[in-house]
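>>> coords please:
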Amino acid sequence: MKYCLKKIPFYFLWIILFGSISLFGQDDPIAAPNINKESFPNKAILKRWRPTNPYPTVALPENLLPLLTLTNNEVKEFQKLLSEKDTGIFKLWNDICGDLKIIDASKDSECLEYSDFAFGSQYSLDLQRYLNINSNFLLSKTQFSVTERSQQSSQILMDLGKREFSEINKKTREVVELSKIKMVDRYGEFQMNKILKSDEIKNNRISLSYPAATDHIFLLRSVFFDNRQNFTWQRETIYAFQMVRLKNNIATIIWKKITSKWV
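A predicted model of the protein is given here:
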C-alpha cells in the first residue's frame, strides 16, 4: 500500500508531461484566408456556388460575316455615340424563317437557303456577341422579341416610340417605371408567370415582342445569372437600343447601357 501511494505522484507527473508533449506536437490551426470582401457583391445577393462555365461560341456562316461587318463610314457616322461609355453598334440579320421547324423545299426555298443565317439574328448586349443569353434579343420577321421563358433569365421590352436617343437615361420616366416592375421575388425566383398576367402586358405597356420600327427606341430589361464570377449571382440591366437602318434584310442597331446592378 505504501509502495502504491509513493507511485501516485509519479503517475501524475507522467500524465502532465505526456499531455504537454501531445499538445506541443499538434500543428498550429490554419488561419482563414484574407479575402477582400470589396471584390464581391453583397452577401444578400449570393445565390449558390457553381464553377464558372465558358459561354458557347457561335460560328456565323462565312457568307453572312461580310454583311454584318461595319464599314468605316458607319463607325464614323455614329462616332459621337461610340465615344461615350457603354455604347455600341452592330448589325443583325432579319430572320425570314422565324420559328419554322419544318422547311418545305417547294414553298420555303428562301428559308432553305438562309436557314443558317439565323445565328446572326440574335445578339447579347451584355456579352456583345451573337448569342441568345445575357440581355439578348432576336430580330425575326421584322419583329424584336425576347425569350418568353428561361431558367437562366427573365426579360421584357418597352417601345418608347420616336425619341432622341441621346436623351434616354436612368432618369427617363419610362426607365424609372420599367425598373419598378417586380421581376424577381425575395427568394431570387423569376416572376415571368406573374408578368405575363399583369396589366402592363395586357395594355401593351411592356411586351415580349414589338414590330421593329425604324427610328423607334426600345428598352430591354433583363435579369440573368452572371457566370463570369466564381459564384453565380443575378444581375439586372436596362439597355436602350434603336434600329437606325434596315436594308437588304440587314438591320443596323445602336445601343447603350442605362443601368446595371446586382439583385
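
>>> pull the CA atoms of the longest strand along the chain into PDB?
Longest strand of the chain, by residue count under DSSP state E: strand 231-247. Output of strand 231-247 as PDB, limited to C-alpha atoms (Å, rounded to 0.1, in the frame of the first residue of the first chain):
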ATOM      1  CA  PHE A 231     -20.000  32.500 -57.700                       C
ATOM      2  CA  THR A 232     -23.300  32.800 -59.500                       C
ATOM      3  CA  TRP A 233     -25.300  35.900 -58.900                       C
ATOM      4  CA  GLN A 234     -28.300  37.500 -60.600                       C
ATOM      5  CA  ARG A 235     -27.500  40.800 -62.400                       C
ATOM      6  CA  GLU A 236     -30.100  43.200 -63.700                       C
ATOM      7  CA  THR A 237     -29.500  45.500 -66.700                       C
ATOM      8  CA  ILE A 238     -31.600  48.000 -68.700                       C
ATOM      9  CA  TYR A 239     -30.500  48.800 -72.200                       C
ATOM     10  CA  ALA A 240     -31.800  51.200 -74.800                       C
ATOM     11  CA  PHE A 241     -31.400  50.300 -78.500                       C
ATOM     12  CA  GLN A 242     -32.600  51.600 -81.800                       C
ATOM     13  CA  MET A 243     -32.700  50.200 -85.300                       C
ATOM     14  CA  VAL A 244     -31.400  53.100 -87.500                       C
ATOM     15  CA  ARG A 245     -31.400  51.300 -90.800                       C
ATOM     16  CA  LEU A 246     -32.900  48.100 -92.400                       C
ATOM     17  CA  LYS A 247     -31.600  47.400 -95.900                       C
END
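
>>> quick one: Thr214 and Leu246 touch, right?
Yes. If you go by Cβ atoms under 8 Å, Thr214 and Leu246 touch, sitting 5.9 Å apart. The way it works is simple: take the backbone N, C-alpha and C, and place the C-beta from them, glycine included.

>>> More neighbours: which of the two?
Set Thr214 next to Leu246 and count neighbours by other Cβ atoms under 10 Å: Leu246 wins out with 17 against 13.

>>> How about the more buried one: which residues does it bridge to?
Ala251 (DSSP bridges).

>>> in the stretch 101-250 of the chain, which spans are strands?
122-124, 136-140, 143-145, 153-162, 209-211, 216-226, 231-247, 250-262 (DSSP state E, counting those that start in this stretch).

>>> What is the second one packed up against?
It refers to strand 136-140. If you count contacts as 3 or more Cβ pairs under 8 Å, 6 or more residues apart in numbering; DSSP states H and E, strand 136-140 packs onto strand 122-124, strand 143-145, strand 153-162.

>>> Show residues contacting it.
The contact list for strand 136-140, computed with Cβ atoms under 8 Å, 6 or more residues apart in numbering, reads 92-95, 97-99, 121-126, 132, 144-147, 155, 157, 212, 220, 222, 241, 251.

>>> What's the PyMOL syntax to select whichever of those residues are buried?
Typed into PyMOL, the next command selects the buried ones out of the contacts of strand 136-140 (criterion: 16 or more other Cβ atoms under 10 Å):
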select buried, resi 92+93+94+95+97+121+122+123+124+125+126+132+144+145+146+147+155+157+212+220+222+241+251
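
>>> returning to that earlier point: could you give me the buried positions within the longest strand of the chain?
In terms of neighbour count (16+ other Cβ under 10 Å), strand 231-247 has its buried residues at 231-244, 246.

>>> if we can go back for a sec, any chance of the strands of the stretch 101-250 of the chain in CSV, plus distance to Tyr114 and mean pLDDT?
As requested, the strands of the stretch 101-250 of the chain are exported to CSV (distance: least, Cβ to Cβ, whole Å; pLDDT from 0 to 100):
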stretch, distance to Tyr114, mean pLDDT
strand 122-124, 15, 96
strand 136-140, 12, 96
strand 143-145, 17, 97
strand 153-162, 25, 94
strand 209-211, 21, 97
strand 216-226, 25, 93
strand 231-247, 16, 91
strand 250-262, 12, 96
